[in-house]
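Peer 1: coordinates only, no sequence provided:
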């Protein structure tokens, strides 16, 4: 899932001319933490809540 999520997020950010840092600010988390979530290094309950928000923000 992490590879799929990572590719999807990167693709959507590119389409929207948005940076990962901007997305992290929208979520209220650090860029490093967002990177860990996207790359599958963080996958606990809190991270899954952030994944839901990422999907909602990017409409994916």
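Peer 2: Received, thanks. This is a predicted model, so every value here is computed, not measured. Numbers count the residues shown, from 1 in each chain.

Peer 1: can you tell me what sits against stretch 34-42?
Peer 2: Outside of stretch 34-42, the residues within contact range by CB atoms under 8 Å, 6 or more residues apart in numbering are 1-3, 5-6, 9-10, 20, 23-24, 27, 33, 43, 47, 50-51, 54. In this view, the C-beta of every residue, glycine as well, is placed from N, C-alpha and C.

Peer 1: enumerate the positions of that stretch that are buried.
Peer 2: Within stretch 34-42, the residues that qualify as buried are 34, 36-38, 42, counting by 16 or more other CB atoms under 10 Å.

Peer 1: quick one: end-to-end length of it, please.
Peer 2: Distance between the two ends of stretch 34-42: 9 Å, counting by CA to CA, to the nearest Å.

Peer 1: returning to that earlier point: out of the contacts of stretch 34-42, list just those in helices.
Peer 2: Using DSSP state H, 2-3, 5-6, 9-10, 20, 23-24, 27, 33, 47, 50-51, 54 are the members of the contacts of stretch 34-42 that sit in helices.

Peer 1: looking at the buried residues of stretch 34-42, which is nearest residue 58?
Peer 2: Using CB to CB, residue 38 is the member of the buried residues of stretch 34-42 that sits closest to residue 58, with 11.3 Å.

Peer 1: leaving out sequence neighbours, find the closest residue to that closest one.
Peer 2: residue 6 (4.7 Å; CB to CB, 6 or more residues apart in numbering).

Peer 1: select the helix or strand of the protein having the lowest average pLDDT value.
Peer 2: Sorted by mean pLDDT, DSSP states H and E, the helices and strands of the chain end with helix 2-15, the least confident at a mean of 88.

Peer 1: mind listing what's buried in it?
Peer 2: In helix 2-15, counting by 16+ other CB under 10 Å, buried: 5, 9, 12-13.

Peer 1: just the closest of these to residue 60, please.
Peer 2: So of those, ranked by how close each gets to residue 60 (CB to CB), first place is residue 12, at 6.0 Å.
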